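*Asks:* sequence and predicted structure, then a few things I'm wondering about:
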Amino acid sequence: AYMWVVPTYFDLAAWPSRAEKGEYFLYYGRICPEKGLDTLKAIADYIDEEIHLVGQGDPAPWKHKNLKYRGPVTGKARADVVGRAKALLMPTRYIEPFGGVQVEMLFSGTPTITTDWGAFTENNIHGVTGYRCRTFDEFCWAGKNIDKINPQDCRDWAMANFTLDRIGDMYEHY
């Protein structure tokens, strides 16, 4: 018996890379407890920077002076929101099976700060494309040290692993 995993490919035209970063931190996904919004709210106390919440759901339980709810964003506006972010925060509580949003960030040159389990162990290279965290302290440290991550390294890693050509090769091998 053989098991094969062929991940999603991404359209490069949808994710232009931006060299200038740093306007805000970003959470992009469903607004719900499973995605770690309680951890995100606590992080907002310590990094003392604006965190934009982008996605569908009720943001009311996570109201905080540093959390700005923007609602769902699609198309070119999505690429702009992603590209302007200092980093993505993904404190997901469950074992994320892929985390496509995290890979979209990397294509945009946006570093990611994630939990240290599930797909993130393969798709977030600690110290290169962002930081993987197991504790609240590590999330806070990562937020304060995200400028040590080179946006071009994020883009390069995504290009090496998730373009149509790369994923096409995986299908051909399968």
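*Replies:* Okay, I see it. Note that the coordinates shown come from a computational prediction; the quantities given were computed from them, not determined experimentally. Numbers count the residues shown, from 1 in each chain.
*Asks:* what's the local residue count around residue 136?
*Replies:* 13 (other CB atoms under 10 Å). (C-beta placed from N, C-alpha, C; glycine too.)
*Asks:* thought it was touching residue 41?
*Replies:* No. Judged on CB atoms under 8 Å, residue 136 makes no contact with residue 41 at a distance of 11.4 Å.
*Asks:* the strands in the chain, which residues?
*Replies:* Listed in chain order, the strands of the chain (DSSP state E) span 24-28, 51-54, 67-69, 85-90, 112-115, 130-133.
*Asks:* mean pLDDT added to those strands, as TSV?
*Replies:* Below are the strands of the chain laid out as TSV (pLDDT from 0 to 100):
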stretch	mean pLDDT
strand 24-28	97
strand 51-54	97
strand 67-69	96
strand 85-90	96
strand 112-115	98
strand 130-133	98
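*Asks:* kindly reformat those as CSV containing distance to residue 104 and mean neighbour count.
*Replies:* Shown next, in CSV, are the strands of the chain (distance: least, CB to CB, whole Å; neighbours: other CB atoms under 10 Å):
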stretch, distance to residue 104, mean neighbour count
strand 24-28, 8, 23
strand 51-54, 12, 21
strand 67-69, 20, 16
strand 85-90, 9, 26
strand 112-115, 10, 28
strand 130-133, 13, 24
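*Asks:* make CSV out of those and add distance to residue 6.
*Replies:* Listed next are the strands of the chain as CSV, based on distance: least, CB to CB, whole Å:
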stretch, distance to residue 6
strand 24-28, 24
strand 51-54, 28
strand 67-69, 35
strand 85-90, 23
strand 112-115, 22
strand 130-133, 23
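*Asks:* which one, of these, ends up nearest to residue 123?
*Replies:* strand 112-115 (8.4 Å; CB to CB).
*Asks:* geometric centre of this protein: which residue is closest?
*Replies:* residue 102 (3.3 Å; CA atoms, centre = their mean).
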